[in-house]
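Participant: sharing a model prediction with you, sequence too.
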Amino acid sequence: MSRGRGDTAERVLRGPVLWTGITLLTLFALGPFLWVFLTSLKTRADLYATPLRYLPVELTAANYADAWTSKLTPFSRFFANSLWVSSVTMVATTGVSILAGYALARFRFAGRNALLLVFLATQMFPAVLLIAPLLSQWYALGLIDTYQALIYSNLSFTVPFTVWMLVGYFDAIPRDLEESALIDGCGRFGALCRIVLPLAAPGIAATAIFAFVTSWSELLFAITFTTQTEMRTLSAGLLFMVGQYEIQWGQLSAGVMISTVPVAVLFTYLQRHLIRGLSAGALKG
Amino acid sequence: MAPSDATVAVALPRSFSSRRARELMTGYLYLVPVAIALGGTIVVPILKAMHMSLFNYVLIKPQEYGFVGLGNYTRLLRDETFWLTLWNSFVWVFGSVSLQFLGGFAAALLLHQSFRGRAFVRTVTLLPWIVPGVVVALVWEWLYQPNYGVINDVLLRAGVLRDRVAWLSDPGLAMPAVIATNVWRGVPFFAIMLLAGLQAIPEDLYEAARVDGAPVTRRFWHITLPLLRPIIIVATATRVIWTFNYADLIFVMTGGGPANATQITSTYTLLMAYANLDFGYAATLSVVLLVIMLVFTVLYLRVTRGIESVT
């Protein structure tokens, strides 16, 4: 490396321009969240003061307590609903996509490539397109306001991506390991459980978290397939809070923080795996 | 195919060919759950949408239910709002994706440099992209709020504005405002995709160019850009399709208003089903969306195939 030998333009780029850029980028990404976090800690007086008070004079946790226990928009209930719907979706997605991913990675049957293409295409499938038929389907089956309808519908956007990711992970595991297990009298399923799953564990964990996080964020199914307050997830609950007669920005900001923190933490953990999967998937096309 | 199968069957002991058949059976068996998962949530609903689009089917008017043939489609052709939503979708996609690309490219170039705290800045940059869509919408609704929003306050203090602006209820400003929000949400996507691309470019190329005395701008135009081309095309194509379909932000922030100024085709479809309970017409719009999607997807696959055969 010939450091310091770069031209002037390069030295300016690496110095002041770089640091200004990084500061702006951080502010750009973090600023809006900081503002909402500050809002969630403000009392009514601070919130609606003129001129605007940027920092709260008096810190309060009342907004969080109110949002959590509110009768109209009970965030404790929304949180529990989101947790249940996302967890079951995660488990179902993982089970389904392990079996499908393994089959697509190991068995050379007719139509395999066409199937892979279908999984790629359905990843970009819009939820809005499915709302009308699914809603009328759940009406007909009497499944409005049930967890089943939400969880089952969620599979439409989790499964295509996770299957695609897992085919890649399973493909990367050498076949020899399984072959010897198969010869030793292990069945296919035994080989899958004892040999392949432990090796693919990081990939499976990443897809599971992906399924959890996307279900946690899901909004459109959650508002169309539920009508009762007790059945709403966090995303739907936040939207209905806005629908109330006057928007309580303090409580709403607390609700936003409650909905955001779990996914932010999970994603930070997941980052590396997911980015690798994304760029690999995109490049394979 | 058939002759070679026959020779195999003759040449090898029976037990082997039946084992092969059993293997294939197992393979298909493993696909049964995924068939159930996507059959009931994608395949059947699409067929149902096609069927529903041929009926006058408004949930709250059961007495008017009946077969109308292509009636919903002629209604669509004469529906001025529908044509407006197509134009709005174009503005929404073009505005969002082009600005997301520019912002994301700048962010990727920054994050590719080595500096202290890079891991932290990288994680922070991702935040707007990973939080729920409704959260993004509400955060920005609060920033745009006319009386207590920080955007108006900052612009007033800086002297850019003289009066408070109602960003989301002004027909001329609502679309730029929702696009700005979507840009904020989408910059991280381009940033990480392009960062992955930058990291895949061998450092030797830059070294060689540096030895030859090529300045930083030349290296950018002649090494960085050409080598990033495949990933730029793939990321942009993915993003165009995704943005065209993305309804959450607009639905929460403006509901397509004021006066349909921000109504895009996907939010229009959503409102027909969700607010009007007009399933017949919503299904018709879904079928149209599906056709547009298929065109996009075929184009996308051709583009990516092209890239694959080049690399």
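Facilitator: Alright, I've got the coordinates. Numbering: from 1, shown residues only, chains lettered A, B, ... in the order given.

Participant: tell me where chain B has strands.
Facilitator: Using DSSP state E, the strands of chain B run over residues B:55-56, B:66-67.

Participant: looking at the ones you listed, which is nearest to A:Ser180?
Facilitator: strand B:55-56 (58.7 Å; CB to CB). For every residue, glycine as well, the C-beta is placed using N, CA and C.

Participant: which residue is the nearest non-sequential neighbour of residue 141?
Facilitator: I'll assume chain A. Closest residue to A:Leu141 apart from its sequence neighbours, by CB to CB, 6 or more residues apart in numbering or on different chains: A:Ala149 at 7.9 Å.

Participant: try chain B instead
Facilitator: Per CB to CB, 6+ apart, closest to B:Glu141 is B:Met253, 5.7 Å.

Participant: pull the contacting residues for that neighbour.
Facilitator: Counting by CB atoms under 8 Å, 6 or more residues apart in numbering or on different chains, B:Met253 touches B:Ala137, B:Trp140, B:Glu141, B:Leu168, B:Ala177, B:Val178, B:Thr181, B:Thr262.

Participant: between the residues you listed, which is nearest A:Arg77?
Facilitator: Distances from A:Arg77 to the contacts of B:Met253, taken by CB to CB, are shortest for B:Ala137, at 21.8 Å.

Participant: find the nearest non-adjacent residue to whichever residue of the stretch 151-300 of chain B sits closest to chain A, please.
Facilitator: Residue of the stretch 151-300 of chain B nearest chain A, by CB to the nearest CB: B:Asn245 (3.3 Å). Excluding the flanking residues, the one nearest B:Asn245 by CB to CB, 6+ apart is A:Pro126, at 3.3 Å.

Participant: let's see which of the contacts of B:Met253 end up in helices.
Facilitator: B:Ala137, B:Trp140, B:Glu141, B:Ala177, B:Val178, B:Thr181 (DSSP state H).

Participant: and these, which two are furthest apart?
Facilitator: B:Ala137 and B:Ala177 (11.4 Å).

Participant: okay, now the unreliable bits of the chain?
Facilitator: With no chain named, the answer covers chain A. A:1-7, A:244-245, A:272-285 (pLDDT under 70).

Participant: hm, I was asking about chain B
Facilitator: B:1-17, B:306-311.

Participant: so who does the residue nearest to the spatial centre of it touch?
Facilitator: Against the mean C-alpha coordinate of chain B, by CA atoms, centre = their mean, the closest residue is B:Trp242 at 1.0 Å. By CB under 8 Å, 6+ apart, B:Trp242 lies in contact with A:Met124.

Participant: so how far is B:Gln100 from it?
Facilitator: 11 Å (CB to CB, to the nearest Å).

Participant: got it, and B:Arg118?
Facilitator: Distance from B:Arg118 to B:Gln100, by CB to CB: 22 Å.

Participant: so between these two, which is more surrounded?
Facilitator: Shown here are B:Arg118 and B:Gln100; by other CB atoms under 10 Å in any protein chain shown, B:Gln100 has more neighbours (25 against 14).

Participant: and that one, how far from B:Gly186?
Facilitator: 4 Å.

Participant: what is in contact with these two at once?
Facilitator: Common neighbours of B:Gln100 and B:Gly186, counting by CB under 8 Å, 6+ apart, are B:Arg239.

Participant: quick revisit: including mean neighbour count and distance to B:Arg157, could the strands of chain B go into a markdown table?
Facilitator: Shown next, in a markdown table, are the strands of chain B (neighbours: other CB atoms under 10 Å in any protein chain shown; distance: least, CB to CB, whole Å):
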| stretch | mean neighbour count | distance to B:Arg157 |
| --- | --- | --- |
| strand B:55-56 | 18 | 55 |
| strand B:66-67 | 10 | 61 |
